[in-house]
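K.L.:
Predicted model and sequence follow; I will ask about them next.
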Amino acid sequence: MKTILMILLLVLMAGCRGPIIDTQQVPAKYVAGALPTEDPASGMWDDAPEHPAKMMVQDVTEPKLIEPGVSLLKVRALHNKDWVVFRLEWDDPTQDLIPKSGSSSDAVAIQFPMRQGSDVPDPAMGEQNKGVRIWFWKSVWQDDDERKKSGKGDRISTLYPNAAPDHYPFEAEPLKKDAKAQTEAARRYAPARASGNPILVRPNSNPVQVLMAEGFGNTTPAGSQPSAGRGVWKSGKWMTTIARPLKGGDELGTLEPGKRGYIAFAIWDGAKQHTGSRKMRSGWVPFILNEQ
């Protein structure tokens, strides 16, 4: 009888074990086949080690963050020798999708040094001639994409459901018969979209944008935008995936299995008016793609 009870206890303990914690680095576990690039709740994450990344306020440059936000980011990673995908998990009591008065959009980012190795740049967005690459997920971009796919309408109709615009000048019936005139009207009345503003005109229809920087104030979109990701908010918690290819050429760099690199993170809490440089960030964390 005692033996049976011991066996049952061991089975229960095995079923209740927590994640494998690695406080020293972010190890990307190798898996064969497809990765859960857009599924933060996939069971494939259960066996991936978790790194607790400590976050700190961005107090290097103005506008600085005064009140601290998220203090801990739980990071897991998987790779299949072609892509690596990260799952980022953090506490956030409110889901902030649409920027409006008094709030912004929840967001998270992963940062890599331009050149892998021990001589890393400043973790606060890099420095001149020692830049960084950033994979940036933003909840409002995901909301935009999901609205387009489901036909729910734009954010204006969500914020102001009782408002009924007369018309947009570039959608007037006479202009629909004159493509040149319609293009000119769109340029005048929607200048940000017409100018190709990368915040509005993202080249890929997913909520992750690839950015380049060499310090604060000079962030630009990368010419190549290979990325994927998806965030899920539930019960006061975000779980978000961000994926990138291992081989990105000269512009996006190459990550090699078995070779140690570095990675850093940033989080924006929309309810606390975090935007731009007002964010929580980490220092550089060692990162390795585990071999088979």
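P.N.:
Yep, it's here.
K.L.:
can we go C-alpha only for contacts and neighbour counts from here?
P.N.:
Fine.
K.L.:
Look at residue 46 and tell me its secondary structure.
P.N.:
helix (DSSP: H, G, I helix; E, B strand; the rest coil).
K.L.:
quick one, what contacts it?
P.N.:
Going by CA atoms under 8 Å, 6 or more residues apart in numbering, residue 46 touches residue 19.
K.L.:
what is the mean pLDDT for the helix or strand containing residue 90?
P.N.:
According to DSSP states H and E, residue 90 maps onto strand 83-91. Mean pLDDT, strand 83-91: 98.
K.L.:
Show me what the helix or strand just after that strand packs onto, helices and strands only.
P.N.:
Along the chain past strand 83-91, the next helix or strand (assigned with DSSP H and E) turns out to be strand 107-113. Counting by 3 or more CA pairs under 8 Å, 6 or more residues apart in numbering; DSSP states H and E, the packing neighbours recorded for strand 107-113 are strand 132-138, strand 261-268.
K.L.:
quick one: average confidence on strand 107-113?
P.N.:
97.
K.L.:
now what about that strand, what contacts it?
P.N.:
The contact list for strand 107-113 (CA under 8 Å, 6+ apart) reads 120-121, 126, 130-139, 242, 262-270.
K.L.:
so the strand holding residue 90 versus strand 107-113, what angle?
P.N.:
Interaxial angle, strand 83-91 versus strand 107-113 (axes from the mean of the first three to the mean of the last three CA atoms, to 10 degrees): 130 degrees.
K.L.:
So what are the sheet partners of strand 83-91 and their directions?
P.N.:
Strand pairing for strand 83-91, determined by DSSP bridges: strand 72-79 (antiparallel), strand 237-245 (antiparallel).
K.L.:
So residue 239 sits against residue 233, correct?
P.N.:
Yes - if you go by CA atoms under 8 Å, residue 239 and residue 233 touch, sitting 6.4 Å apart.
K.L.:
State the mean pLDDT of stretch 135-154.
P.N.:
86.
K.L.:
So which bits of that stretch are buried?
P.N.:
By neighbour count on 16 or more other CA atoms under 10 Å, the buried set for stretch 135-154 is 135-146.
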